[in-house]
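*Asks:* pasting the structure only:
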């Protein structure tokens, strides 16, 4: 499987009591289709998957698949501290016929080597060998900064369903090395929105990110300018994205981005504990900071 274009790491809509708001999923999906998003990555970091129950994660996948109706590629994050639950989520993903699964490593008991990491994913992928698998490399959240070149080399025979890596790290040199090593065997999806242009320069075909939920037009323009050879214009557009991202990174990233979704008319509700939603005062401050950027030009308010 080869992915191209922008993959949005979707939010999970929640009610004020913390329960999943399944009824809000279709509106969110429609917005992404309208914004020419190529695929969605469900229940990852942005989707707070690791804070949700296994049963809720299954139902989120089902509702998303139903609302999507085959229009975008669907990748389900099946990562879990319980490998048994990961296997259960993987089997469910297979049964509802998603396009691919993905997982970061369990984080409570520390994995010490690439070989141990691969052994862990052997258990999960052997449950569903027919389903393409992407390793989720996100050192900032897992604390594991394994050598991804070594991981790919060691995985070639032990993880036959491995399609590639969701590479969420600023180490662009390592990303480039992985691309070079992969050739046509693996696909390395780029995962740093604020560095998308850097990923494109070294060869990225597809990117996964949270800000693609609300300002995909900016990134579509960036990609178009890059492909047409207008690097100066592409760099300016990347800078616009950086300014917007810098504005919300003054707060906890995921609560701030959920607040931004609400600002443009798609209310995804609060965040799940242990994260804390922004206070009304923080939301007002964030809006003022965003108004100093081009955010509302690229992410117009949804008319209902």
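*Replies:* Nice, thanks for sending it over. This one's a predicted model, so the numbers in the text were calculated from it and none came from an experiment.
*Asks:* now the strands for the stretch 101-250 of the chain?
*Replies:* Taking DSSP state E, counting those that start in this stretch to define them, one finds strands in the stretch 101-250 of the chain at 133-137, 162-167, 187-190, 206-209.
*Asks:* got TSV for those, with mean pLDDT, distance to residue 81 and mean neighbour count too?
*Replies:* C-betas here are computed from N, CA, C, even on glycine. TSV is the format used below for the strands of the stretch 101-250 of the chain (pLDDT from 0 to 100; distance: least, C-beta to C-beta, whole Å; neighbours: other C-beta atoms under 10 Å):
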stretch	mean pLDDT	distance to residue 81	mean neighbour count
strand 133-137	97	14	25
strand 162-167	97	19	24
strand 187-190	97	23	26
strand 206-209	98	22	24
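*Asks:* what's the closest of the ones you listed to residue 95?
*Replies:* strand 133-137 (15.9 Å; C-beta to C-beta).
*Asks:* neighbouring strands - and their directions - for that closest one?
*Replies:* Paired strands of strand 133-137, with direction, are strand 100-103 (parallel), strand 162-167 (parallel) (DSSP bridges).
*Asks:* mind putting those strands in JSON lines, distance to residue 123 included?
*Replies:* Converted to JSON lines, the strands paired with strand 133-137 look like this (distance: least, C-beta to C-beta, whole Å):
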{"stretch": "strand 100-103", "distance to residue 123": "11"}
{"stretch": "strand 162-167", "distance to residue 123": "14"}
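*Asks:* to residue 11, which of the strands of the stretch 101-250 of the chain lies closest?
*Replies:* Residue 11 lies closest to strand 206-209 among the strands of the stretch 101-250 of the chain, at 12.3 Å (C-beta to C-beta).
*Asks:* if we can go back for a sec, CSV please, covering the strands of the stretch 101-250 of the chain and showing distance to residue 295.
*Replies:* Formatted as CSV, the strands of the stretch 101-250 of the chain follow (distance: least, C-beta to C-beta, whole Å):
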stretch, distance to residue 295
strand 133-137, 27
strand 162-167, 25
strand 187-190, 22
strand 206-209, 15
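*Asks:* and of those strands, who's closest to residue 259?
*Replies:* Per C-beta to C-beta, nearest to residue 259 of the strands of the stretch 101-250 of the chain: strand 206-209, 17.5 Å.
*Asks:* pull the residues that contact that closest one.
*Replies:* Here strand 206-209 makes contact (C-beta atoms under 8 Å, 6 or more residues apart in numbering) with 3-9, 38-39, 41, 75, 166, 168, 187, 189-193, 196, 199, 219.
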